[in-house]
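Engineer: using only what follows, build the 3D model:
(chains A and B)
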Amino acid sequence: MSDNEINTAAVSATRRRVLQGMAALPAAAAMLPARGNAAGPATATVNTTGLAVTDDTVTVGILHSISGTMAISETGSVEAEKLAISQINEAGGVLGRQIKVIQEDGASDWPTFAEKAKKLLVSDKCAAVFGCWTSASRKAVLPVFEQYNGMLYYPTFYEGLEQSKNVIYTGQEATQQILAGLDWVNRTKGSKTFYLLGSDYIWPRTSNKIARKHIENHLTGCKVVGEDYFPLGHTQFNSVINKMKLVKPDVIYAIIVGGSNVAFYKQLKAAGVDLNKQTLLTISVTEDEILGIGGENIAGAFACMKYFQSLDNPNNKVFVPAFKKMWGEKSVIGDVTQAAYLGPYLWKLTVEKAGSFDIDKIAAASPGIEFKGAPEGYVRIHENHHLWSKTRVGKARTDGQYDVIYETGDLVEPNPFPKGYQ
Amino acid sequence: MTFLNRKDIAAIAILAVLLLAVLPLCLDPFRLNLVGKYLTYGFVALGLVLCWGDAGILSLGQGIFFGLGGYCMAMYLKLEASSPEATKIQSTPGIPDFMDWNQITSLPLFWRPFHSLAFTIVAVPLVPVLLALIIGLAMFKRRVGGTYFAIITQAVAAILTILIIGQQGYTGGVNGITDLRTLNGWDIRPDHAKIVLYFINGGLLIVCVLLAQFVRRSKLGRILVAMRDKEDRVRFSGYDVANFKIFVFCLAAGLAAIGGAMFTLQVGFMSPSFVGIVPSIEMVIFCAVGGRTSIFGAIYGALTVNWARTTFSEGLPQLWLFAMGSLFILVVVVFPDGLAGIYRRYLDPLVDRMLPPVRRRIPVAAVAETPQVSPTFAE
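Structural biologist: Model prediction:
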């Protein structure tokens, strides 16, 4: 479908204008039954800003890396978004319109993300875009979304320090993911000393900064005994493992991302660190990463995030089989994949509440939107465009799944600009 | 303009008409902005024609200079976007946002001069040229060349990337320097600004083409070619080969830097993904597809490859990398001299036949010295 969208951008813009004009006719002629789709309200009323909305379709964009180093992580998000969109279409679409998808490849390359985002907004007039994974790609597209007034649903847990009218953050920001986990490990394990590790870029650094402030200022008698960073793709962790063996921290707090994880956990095991005895808490290893690490290398470690595939609730019991049916029995679902699945649904609910596809109306209607069918359980959009969500701790099993052993009683408030943590 | 023959003038005229009239009239602002982005790689390709095509110095690190030029421009733009009013939610207002996230509380010294636009305009070509000078002095004076030089430029590109990513408090790290807004108070984001920038970019490229052609047609240009083909003979003739190499390497660096700065202005950010090994090799590919011994070929090569990249990735999001790979293999196997090779083989003879014959009134010796120059155009 993207072929003719591209080659005839100018033509389709004209066609769109004609269609919009035609769509306005029946509305003016007061509810003639001749309208293409009787279920939805007239296009002219739900789309006043020239988005790609016709009488029976609405076009959205999916913008993830399906080539390059990030493809392995972002594929799950693409699959979840497509699943959600096909489910919504089967159930009758949004305001009576079927969702059409234009997919673009960000190619793990931040300028490409910016170029494609611009294309989706300017040439394709997408009503919403589901996409991005890394902070760098989000930072690259953010000015584009703000300038051309688009709507981005961003699925990844991230460092916070950002809030935009044009973005809905369906993953957790740093304080949501970190504080509850540290409190839990301190309370149940009595841990006092923490060793912070991370890959060297903005998310691990900001997260560890928040963790350090929380450990030093809010947990009595606790302290950070070490903090180290490694370049992305680093594979030699032996020296830091030796350092940790000397310092003997109660908790290893690891925010290592991507392929480095494989080397880290294998070398940890080879060095004789038994994760059933040494507490290790990570916020960066989902079920997707364990596929690469191997369950036997990480069994016993704790992960703190908002969703695990093994979560026991009615929504998740429907979601997991549906995902496997569409994408294969072997597929696994990590935290981000689930958060990506929320995007199309939250957008649908917001459009229906606003009664319009207009970006400004969606941005204004978003706070307070509730999604009761979320696989993670109930979520709600906060005024700051992040989600209220529960935080959970899982313990890694040898089969690559997590046992959920703790969850916060209430939804945790998102706080992208935490006072006292900066 | 004695350094241009009739065909050069025709080619420059065609390029100018294409860039400054045909494309702006045919494309909407979004596509035109993309072409502007592709053309910034044309600057790099231009430098590579001189450095690699003529002088035979293969540099696999042009991304270094492209990136440095781009970063100089981005630092100026970022400082302008980080006014104390615009950044008042930060712990330290008035510094770029990524510094604030990295607990830096005052603007580092090397950022301070970039408050000045004049300094930035000088620094854009000068900083990369200085680095090229240092690399050139260290390598060519010791007679390091060929493959070793290519490997060392790769190493420098890798080092610079690691440095930028590692020092994220000072450089923006992996994210790069993003969210650039105004150039000396002029908003660079709206469509009309992009169109103005496109024309500045196109104009600059044509000026650089003239400069490159001037170098190639001068005595210096012929020494470069001689050096490529028989370095020892040039050395024994009494020329200091190293100095010529350093000069052309610096020139290529300066051209790449101008491209980088224009890239930052048109795309709105700069990141380490333009500095490293992969983008540097891509830049060599642009040049190779176009034809490494032809200035115009290289520019059309940069345009073609990038255009294909955009088109393939929009049309076949799942398969576009394979399509690009096939394109490269096809060009190298079938047309080793790239687009320029096709032109020379099939079109050039036609052009020769169509052009009226040159009346040679100049003495024979002068003809041998400057072939193809007709008195009509010798002004």
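Engineer: poorly predicted segments of the stretch 1-150 of chain B, please.
Structural biologist: Under the criterion pLDDT under 70, the flagged ranges of the stretch 1-150 of chain B are B:1.
Engineer: can you report phi and psi for the closest residue to chain A within it?
Structural biologist: Nearest residue of the stretch 1-150 of chain B to chain A (CB to the nearest CB) works out as residue B:30 at 4.6 Å. Any C-beta I mention is one placed from the backbone N, CA and C, and that applies to glycine too. With angles defined as degrees, to the nearest 10, residue B:30 sits at phi -60, psi -50.
Engineer: run through the helices of the stretch 101-250 of chain A in chain order.
Structural biologist: For the stretch 101-250 of chain A, the helices defined by DSSP state H, counting those that start in this stretch occupy A:110-118, A:135-147, A:174-189, A:202-218, A:238-247.
Engineer: with the stretch 251-379 of chain B instead?
Structural biologist: B:277-290, B:295-315, B:320-334, B:338-342, B:348-354, B:364-369.
Engineer: looking at those helices, which has the lowest confidence?
Structural biologist: Among the helices of the stretch 251-379 of chain B, helix B:364-369 carries the lowest mean pLDDT, a mean of 44.
Engineer: let me know the helix or strand that the nearest residue to residue B:123 once chain neighbours are set aside is in.
Structural biologist: Spatially, and ignoring its direct neighbours in sequence, residue B:123 is nearest to residue B:72 (4.7 Å; CB to CB, 6 or more residues apart in numbering or on different chains). When elements are assigned from DSSP states H and E, residue B:72 belongs to helix B:62-81.
Engineer: same for that helix, what does it pack against?
Structural biologist: If contacts are counted by 3 or more CB pairs under 8 Å, 6 or more residues apart in numbering or on different chains; DSSP states H and E, helix B:62-81 sits against helix B:29-48, helix B:117-140, helix B:146-166, strand B:182-183, helix B:241-267, helix B:277-290.
Engineer: could you redo the last one with a cut-off of 6 Å?
Structural biologist: On a contact count with 3 or more CB pairs under 6 Å, 6 or more residues apart in numbering or on different chains; DSSP states H and E, helix B:62-81 meets helix B:117-140, helix B:146-166, helix B:241-267, helix B:277-290.
Engineer: sorry, back to before: is it true that the residue of the stretch 1-150 of chain B closest to chain A touches residue A:124?
Structural biologist: No. Assessed by CB atoms under 6 Å, residue B:30 is found out of contact with residue A:124, at 10.5 Å.
Engineer: neighbour count for the two, which is higher?
Structural biologist: The neighbour count for residue B:30 versus residue A:124, taken as other CB atoms under 10 Å in any protein chain shown, is higher for residue A:124 (24 against 17).
Engineer: the spatially closest residue to the more buried one that is not a sequence neighbour: neighbour count?
Structural biologist: Using CB to CB, 6+ apart and skipping the chain neighbours, the partner closest in space to residue A:124 is residue A:102 (5.3 Å). For residue A:102, the count of nearby residues is 23 (other CB under 10 Å).
Engineer: what's the answer for residue B:188, then?
Structural biologist: Counted with other CB under 10 Å, residue B:188 comes out at 19.
Engineer: and what of residue B:242?
Structural biologist: 18.
Engineer: which residues of the stretch 101-250 of chain B lie near chain A?
Structural biologist: Proximity of the stretch 101-250 of chain B to chain A, by CB under 6 Å from any CB of the partner chain, involves residues B:101, B:173, B:174, B:175, B:178, B:179, B:189.
Engineer: next step: these restricted to helices.
Structural biologist: residue B:101 (DSSP state H).
Engineer: that older thread, next, format the helices of the stretch 251-379 of chain B as TSV and append distance to residue A:96 and mean neighbour count.
Structural biologist: TSV is the format used below for the helices of the stretch 251-379 of chain B (distance: least, CB to CB, whole Å; neighbours: other CB atoms under 10 Å in any protein chain shown):
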stretch	distance to residue A:96	mean neighbour count
helix B:277-290	46	23
helix B:295-315	29	22
helix B:320-334	35	14
helix B:338-342	51	21
helix B:348-354	60	10
helix B:364-369	79	10
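Engineer: rebuild the ones you listed as CSV, extending it with distance to residue B:205.
Structural biologist: Formatted as CSV, the helices of the stretch 251-379 of chain B follow (distance: least, CB to CB, whole Å):
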stretch, distance to residue B:205
helix B:277-290, 14
helix B:295-315, 7
helix B:320-334, 22
helix B:338-342, 17
helix B:348-354, 23
helix B:364-369, 30
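Engineer: residue A:133 is nearest to which of those helices?
Structural biologist: Evaluated over the helices of the stretch 251-379 of chain B, closeness to residue A:133 peaks at helix B:295-315, with 17.2 Å, by CB to CB.
Engineer: if we compare the helices of the stretch 101-250 of chain A, which one ends up closest to chain B?
Structural biologist: Per CB to the nearest CB, nearest to chain B of these: helix A:135-147, 4.4 Å.
Engineer: which residues touch that closest one?
Structural biologist: A:106, A:110, A:113-114, A:117-118, A:132, A:152, A:154, A:158, A:166, A:202-203, B:174-175, B:178-179, B:189 (CB atoms under 6 Å, 6 or more residues apart in numbering or on different chains).
Engineer: one more pass at 7 Å, please.
Structural biologist: For helix A:135-147, contacts defined as CB atoms under 7 Å, 6 or more residues apart in numbering or on different chains pick out A:106, A:110-111, A:113-114, A:117-118, A:121, A:132, A:152, A:154, A:158-159, A:164, A:166-167, A:202-203, B:174-175, B:178-179, B:189, B:268-269, B:271.
Engineer: what residues are up against the residue nearest to the spatial centre of chain B?
Structural biologist: Nearest to the geometric centre of chain B sits residue B:44, at 1.8 Å (CA atoms, centre = their mean). Going by CB under 7 Å, 6+ apart, residue B:44 touches B:62, B:66, B:255, B:256, B:259, B:283.
Engineer: now with 8 Å, please.
Structural biologist: B:62, B:65, B:66, B:255, B:256, B:259, B:283, B:286, B:287, B:302 (CB atoms under 8 Å, 6 or more residues apart in numbering or on different chains).
Engineer: so for residue A:35, what's the pLDDT?
Structural biologist: So, for residue A:35, pLDDT stands at 42.
Engineer: up against chain B, what does the stretch 201-350 of chain A have?
Structural biologist: A:201, A:202, A:205, A:206, A:209, A:231, A:232 (CB under 8 Å from any CB of the partner chain).
Engineer: again, only using 6 Å
Structural biologist: So far as CB under 6 Å from any CB goes, the stretch 201-350 of chain A lies against chain B at residue A:201.
Engineer: what's the answer for the stretch 51-200 of chain A, then?
Structural biologist: Close to chain B, as judged by CB under 6 Å from any CB, the stretch 51-200 of chain A has residues A:67, A:103, A:105, A:109, A:110, A:111, A:122, A:136, A:139, A:143, A:147, A:161.
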